[in-house]
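>>> how would this look folded up:
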Amino acid sequence: MSVSGTDQPRVLRSALLVDFDNVYIGLKRLDPAAAEAFATNPGHWLAELAQGADTDGEVTRRFLVRACYLNPSVYARYRPNFTRAGFRVVDCPSLTQQGKSSADINLVLDAVDALAAPTRYDEFVIVSADADFTPLAQRCRADDRRVTIITASPAASAYRSVADGVVGADALADLVTQTASALDAEGAASPSGTAPEVPAQRTPARDEDAAPVPPEPAPTPAAGDATSSGAQPAVEGARPAAAPVTGPTESRARRAVRRHVRTADRPVPMGAVAQVALTADPSLSSTQWGGAGGFTAWLARSLPDLAVSTRPPGHVWDPRRFGEADLPGAVADTDPTELQKQVIAVTDTPGLSQEHYRVLLERLAGDLAEHPFERVGTSRRVHEACQQAGAKVGRSTVNFVVSGVLYTGLSLSEPRTARELASAWADNVIGLCRGARMELTSGDAQAIRTWVGGGLADS
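Residues are numbered from 1 along each chain as shown. Sure thing, here's the model as predicted:
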């Protein structure tokens, strides 16, 4: 925890373990330029990761262990780049006829050794989307160590859920090619080419303890705010123009919440956001949220640049990156089947209706026919085309589908028909279901293909 009255960051003694093959292959599918930046300039993204934040405030990471595991028969040309950046490069050649390297076992053995070492590592940063590392993450947590997962492709829900922090594929691609850290996005501009989901709001200055613009009168909290009696505010997503002057501890809470929400790869549950604020400033609970009367009123007053939905369980998100269509579990169908509900809950598959999935896949096919695939630009154009077609499809949903299609091995570097995209996307969703140990009958699998394929992948 930061020293009271100061903003000195805590120092985390971290172990950084990089599954090179997994990350490079995943990034190359999503963004070839990002893959090359990751492989050729590790010093850049290492410096970015060294400064960040977690739910307790700002942190500086001392990477006492820097290990990179790669297959030398394929990626030997990148070894000098990591050696120059201070990594210990562990050659993991293929030991099987199937071509699988020994990176997994070497990484796990080194992590277990680090857990037992005289030096206590506060945090283990596992750079891989391989869900086989889930038991390792659980072992680290059981030993009271923080776990941060950095992935370059879709990762299983069980793997993500055991981590204290997750940096997804799009955030990693931005991290290795830009200068704004994925772990400390406060004050950072929207990624290049990203259209805001809502009309732009004035963003508070980076130094939140500086004298702000005189605020408009704060909204009067309704009797029994959401955190006091469970009642919901009258206005959904209301955001006043500016925040009032606050003390240094409340400013730390605001910074912690903003970082947490802006670095999340989806809207964040309101309860989790409240906990972040209370961890940064425990006095908020005894002062009725700084006099606001409740948490939702405090959010509206102190963080007007964030969007809020109070529909149970409530969510908070960065409106520059997401909209209400990105809310978890939002299903466009008026009566989703029990199978659809289970798939959404277990795999995080976006809960679009079959009709809206068809619109998304057809618009993606149309964009690929007119423009070369480019991660940010393609996502932006497809999102806008869906909105124009009247389909409530969020930007994160477009990214999720694109990543899922790429993960199946279907290249988007050339035009694809909507049917090809639908088939690949349906294969990915069914794979996620089976990976989550869902027991699917042939009829269940067909129903899923019909639903997420927009009726285009029935056969």
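>>> where exactly do the helices run in the stretch 101-250 of the chain?
In the stretch 101-250 of the chain, the helices defined using DSSP state H, counting those that start in this stretch lie at 103-116, 134-142, 157-161, 169-177, 248-263.
>>> can you redo those as CSV with distance to residue 63 and mean pLDDT?
Where C-beta positions appear, they are placed from N, C-alpha and C, glycine not excepted. What follows is those, written out as CSV (distance: least, Cβ to Cβ, whole Å; pLDDT from 0 to 100):
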stretch, distance to residue 63, mean pLDDT
helix 103-116, 12, 95
helix 134-142, 16, 95
helix 157-161, 22, 85
helix 169-177, 15, 87
helix 248-263, 19, 78
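>>> in stretch 434-445, what counts as buried?
Using 16 or more other Cβ atoms under 10 Å as the test for burial, stretch 434-445 gives 435, 436, 438, 444.
>>> contacts for it, please.
Contact with stretch 434-445 is made by 131, 156, 157, 158, 339, 342, 343, 346, 347, 430, 433, 448, as judged by Cβ atoms under 8 Å, 6 or more residues apart in numbering.
>>> output it as CSV, nothing but the C-alphas.
The C-alpha trace of stretch 434-445 is given here as CSV (Å, rounded to 0.1, in the frame of the first residue of the first chain):
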residue,chain,number,x,y,z
ARG,A,434,-15.4,-28.5,-25.0
GLY,A,435,-12.3,-26.9,-23.4
ALA,A,436,-14.6,-25.8,-20.5
ARG,A,437,-15.7,-29.5,-20.1
MET,A,438,-19.3,-28.9,-21.3
GLU,A,439,-20.8,-32.1,-22.4
LEU,A,440,-22.3,-31.4,-25.8
THR,A,441,-24.6,-33.8,-27.7
SER,A,442,-24.5,-33.7,-31.5
GLY,A,443,-27.7,-31.7,-31.3
ASP,A,444,-26.2,-29.2,-28.9
ALA,A,445,-23.2,-28.7,-31.1
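>>> so for it, mean pLDDT?
The pLDDT scores in stretch 434-445 average 89.
>>> how many neighbours does residue 449 have?
21 (other Cβ atoms under 10 Å).
>>> residue 456 too?
24.
>>> spatially, what comes nearest to it if we skip its sequence neighbours?
Leaving aside its chain neighbours, residue 456 sits nearest to residue 422 (3.7 Å; criterion: Cβ to Cβ, 6 or more residues apart in numbering).
>>> show me what contacts residue 156?
Residue 156 neighbours (Cβ under 8 Å, 6+ apart): 131, 134, 432, 435, 436.
>>> give me the distance between the last one and residue 353.
Taken as Cβ to Cβ, to the nearest Å, the spacing of residue 436 relative to residue 353 amounts to 22 Å.
>>> how far away is the residue nearest to residue 456 from residue 452?
Using Cβ to Cβ, we find residue 422 at a distance of 8 Å from residue 452.
>>> same check, this time on residue 441
17 Å.
>>> can you pull the poorly scored residue ranges out of the stretch 351-459 of the chain?
Along the stretch 351-459 of the chain, segments meeting pLDDT under 70 span 458-459.
>>> so where's the longest strand in the protein?
Identified as the longest strand of the chain according to DSSP state E is strand 57-70.
>>> and that one, what's buried?
57, 58, 59, 61, 63, 65, 66, 67, 68, 69, 70.
>>> now the residues you listed in TSV, with distance to residue 393 and pLDDT?
Formatted as TSV, the buried residues of strand 57-70 follow (distance: Cβ to Cβ, whole Å; pLDDT from 0 to 100):
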residue	distance to residue 393	pLDDT
57	35	64
58	35	73
59	35	79
61	36	92
63	39	95
65	42	96
66	40	96
67	40	96
68	38	97
69	38	96
70	38	94
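>>> let me have those in CSV, adding distance to residue 411 as columns.
Below are the buried residues of strand 57-70 laid out as CSV (distance: Cβ to Cβ, whole Å):
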residue, distance to residue 411
57, 43
58, 41
59, 39
61, 36
63, 35
65, 36
66, 33
67, 31
68, 27
69, 26
70, 23
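>>> of those, just say which sits nearest to residue 361.
residue 70 (35.4 Å; Cβ to Cβ).
>>> what's the neighbour count on residue 43?
Residue 43 - counted by other Cβ under 10 Å - has 14 other residues nearby.
>>> the helix or strand containing it: which residues count as buried?
Taking DSSP states H and E as the criterion, residue 43 maps to helix 42-50. Buried residues in helix 42-50, counted by 16+ other Cβ under 10 Å: 42, 44, 45, 46, 48, 49, 50.
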